[in-house]
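Undergrad: How does the following fold in three dimensions:
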Amino acid sequence: MLPAGLSGRSLAVQERFVLLLTVILVSLLLWGFLFSGHPLLDAMGHSGLVMQMLSSFLMWLIMMIAMMLPPVLPWIWFFAAATKDIPGAGVSWLRTAIFSSGYFTLWGFFSLLAAGVQLALRDWGSYGPSGQVLAPAISGFIIMASGLFQFSALKSACLQHCRSPLGYFLLHWKTGPVGAFRLGFGHGLFCLGCCWALMTLSFALGTMNILWMGLLLLLVCAEKMAPHGQLISRLSGVGLTVWGGYLLWAAFG
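TA: The predicted structure follows:
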């Protein structure tokens, strides 16, 4: 059950500042690493399979945290307010960090799978130096499939969840550190269900393409936080489907 009086709680100015500053600093650090040219990728061509997998996994994990930290900020903000022991008491930063770690655990699983796919494509000679598949037909399929997923019932349900933290916390609230992790993990399931197809666009557009990553970040934030997020999702789906269809037509036409 959600703590009583949550509707009357809010973060103090200094608490908001600390939380926002932390997110900004972490985001800048991660994006700075990505912009530097992925030093971790150096190990992919010069080390054993284990080190290649590890470097690829870490690169994907850093990329996913950089991409998903801004859109999950409202949820972290809401959770931080909900875990104030009594009105006027301080935020439990430890529980907030545990909630966040539960959320990003799901993206860790996605990163592990993506790293495996990346190495497989590289071994098959289908992966370019800038981090994108070389075959136009495969790129077209990925882009078109991502666009079509924007119209699916799963996408709609998960996006609706991501836009309304209160309903989720009212139904699933749990106390203690384990409860915080489970709440973050549960939200991560919905977020992964909402965004996994968009994240696969990295294979078609390039995992080292900072411009496309920035545009994907803006799209994810608009879907989850802007007014008419469902409409934005559908419009992006139209654009991606047409673009992917064109690439497939060009490849086979």
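Undergrad: okay, CA-based contacts and neighbour counts for the rest of this
TA: OK.
Undergrad: what pLDDT, on average, does the helix or strand harbouring Leu154 get?
TA: Using DSSP states H and E, Leu154 sits in helix 153-162. Regarding helix 153-162, the rounded mean pLDDT is 96.
Undergrad: so what secondary structure elements neighbour that helix?
TA: Where contact means 3 or more CA pairs under 8 Å, 6 or more residues apart in numbering; DSSP states H and E, helix 153-162 is packed against helix 176-199, helix 210-225, helix 229-252.
Undergrad: now it and helix 210-225, what's the angle there?
TA: 70 degrees (axes from the mean of the first three to the mean of the last three CA atoms, to 10 degrees).
Undergrad: List the buried residues in the helix or strand just after helix 153-162.
TA: From helix 153-162 onward toward the C-terminus, using DSSP H and E, the following helix or strand is helix 165-172. Using 16 or more other CA atoms under 10 Å as the test for burial, helix 165-172 gives 165, 169.
Undergrad: what's the angle from helix 165-172 to helix 176-199?
TA: 130 degrees.
Undergrad: follow-up on the earlier one: between the helices and strands packed on helix 153-162, which one is closest to Tyr103.
TA: The minimum distance between Tyr103 and the helices and strands packed on helix 153-162 falls on helix 176-199, with 4.2 Å, by CA to CA.
Undergrad: can you state the direction angle for the helix holding Leu154 and helix 229-252?
TA: 140 degrees.
Undergrad: now the end-to-end length of stretch 121-137.
TA: 14 Å (CA to CA, to the nearest Å).
Undergrad: Residues contacting the helix holding Leu154, please?
TA: With contacts defined as CA atoms under 8 Å, 6 or more residues apart in numbering, helix 153-162 is touched by 149-150, 168, 187, 190-191, 193-195, 223-224, 230.
Undergrad: For ChimeraX, what selects the buried ones among those?
TA: Only the buried entries of the contacts of helix 153-162 go into this ChimeraX selection, using 16+ other CA under 10 Å:
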select :149,150,187,190,191,193,194,195,223,224,230
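Undergrad: okay, among the contacts of helix 153-162, which ones form the most distant pair?
TA: Applying CA to CA across those, the maximum distance is between Phe149 and Tyr168, 23.3 Å.
Undergrad: which residue is nearest the centroid of the protein?
TA: Met68 (3.4 Å; CA atoms, centre = their mean).
Undergrad: distance of that one from Ser36?
TA: Distance from Met68 to Ser36, by CA to CA: 19 Å.
Undergrad: next one: Met51
TA: 20 Å.
Undergrad: any idea of the mean pLDDT in stretch 122-136?
TA: The average pLDDT for stretch 122-136 rounds to 70.
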